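**Q** this is the structure alone, sequence omitted:
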């Protein structure tokens, strides 16, 4: 029997940021797993990665998160619709994927992680808009609905190279490098003044429009 993850590895099509954030958003609200294909992310090894045209599959995620070890339901029941849109339009404090991409693209996009508002949140401040513009051109997503997406995520990590996944992916050759990049960016941010102001506070609390 063909695994459901085959639909992620050989998609009929991919969806762009503009499509996902449109009024006719095609993303369902059910639980499921999603896969992100990118045109180019500097310094990320793509050898052995699944490809779709000129793009490479670099990251996969699930919504909602897996149950705890005592099998209590996840604390959040937010499905694919909310999670994928978060990655496309929120900020690095709300999205692990945005945090990773922003750290990797820091020099390319001239953005940097900063403490904002109260100082407890770390985002790319006005650079979040720059990152969103980059995602408009370079980030595409595909998903499948599944009642227990965490089981499929484990399978996918075992099957293919996913260099931007950290959790349960410690054997990947890029894991050590990526594990150092994000803490380094956070430490630099903590050494800089906190950015405050009405626009920054609004950005942290809200969303970044297409």
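**A** Structure's in. What do you need? Just so it is clear, the model here is predicted, and its values are computed rather than measured.

**Q** residues in contact with residue 194?
**A** By Cβ atoms under 8 Å, 6 or more residues apart in numbering, the contact list for residue 194 reads 114-119. Quick note: C-beta positions are derived from backbone N, CA and C, even for glycine.

**Q** now with 10 Å, please.
**A** Going by Cβ atoms under 10 Å, 6 or more residues apart in numbering, residue 194 touches 114-121, 200.

**Q** surely residue 97 is within a strand?
**A** No. Membership of residue 97 in a strand is not supported by DSSP: H, G, I helix; E, B strand; the rest coil, which gives helix.

**Q** how about the nearest residue to it, chain neighbours excluded?
**A** Nearest non-adjacent residue to residue 97, counting by Cβ to Cβ, 6 or more residues apart in numbering: residue 87, 4.7 Å away.

**Q** pretty sure the one you found is touching residue 81, no?
**A** No. Using Cβ atoms under 10 Å, residue 87 is not in contact with residue 81, being 11.6 Å away.

**Q** shared neighbours of those two, which are they?
**A** Here residue 87 and residue 81 have residue 20 as joint contacts, going by Cβ under 10 Å, 6+ apart.

**Q** neighbour count winner among these two?
**A** Between residue 87 and residue 81, residue 87 has the larger neighbour count (other Cβ atoms under 10 Å), namely 22 against 18.

**Q** so which strand or helix has that one?
**A** Using DSSP states H and E, residue 87 sits in helix 80-89.

**Q** which other helices and strands contact that helix?
**A** Using 3 or more Cβ pairs under 10 Å, 6 or more residues apart in numbering; DSSP states H and E, the elements in contact with helix 80-89 are helix 17-20, strand 32-38, strand 55-63, helix 96-104, helix 127-138, strand 139-145.

**Q** the nearest residue to residue 153 once chain neighbours are set aside and residue 117, how far apart?
**A** Leaving out its chain neighbours, the residue that sits closest to residue 153 by Cβ to Cβ, 6+ apart is residue 62, at 5.0 Å. Residue 62 sits at a distance of 29 Å from residue 117 (criterion: Cβ to Cβ, to the nearest Å).

**Q** over to residue 53?
**A** Between residue 53 and residue 117 the computed distance is 40 Å (Cβ to Cβ).

**Q** those two: who's more crowded?
**A** residue 117 (19 against 9).

**Q** list the contacts of the lengthiest helix in the chain.
**A** Assignment by DSSP state H gives helix 175-190 as the longest helix of the chain. Contacts to helix 175-190, defined as Cβ under 10 Å, 6+ apart, come from residues 43-45, 92, 96, 99-100, 102-104, 106, 112-116, 119, 122-125, 163-166, 169-170, 172, 174, 195.

**Q** low-scoring stretches of this structure, by residue?
**A** For the chain, the stretches flagged by pLDDT under 70 are 1, 69-77, 198-210.
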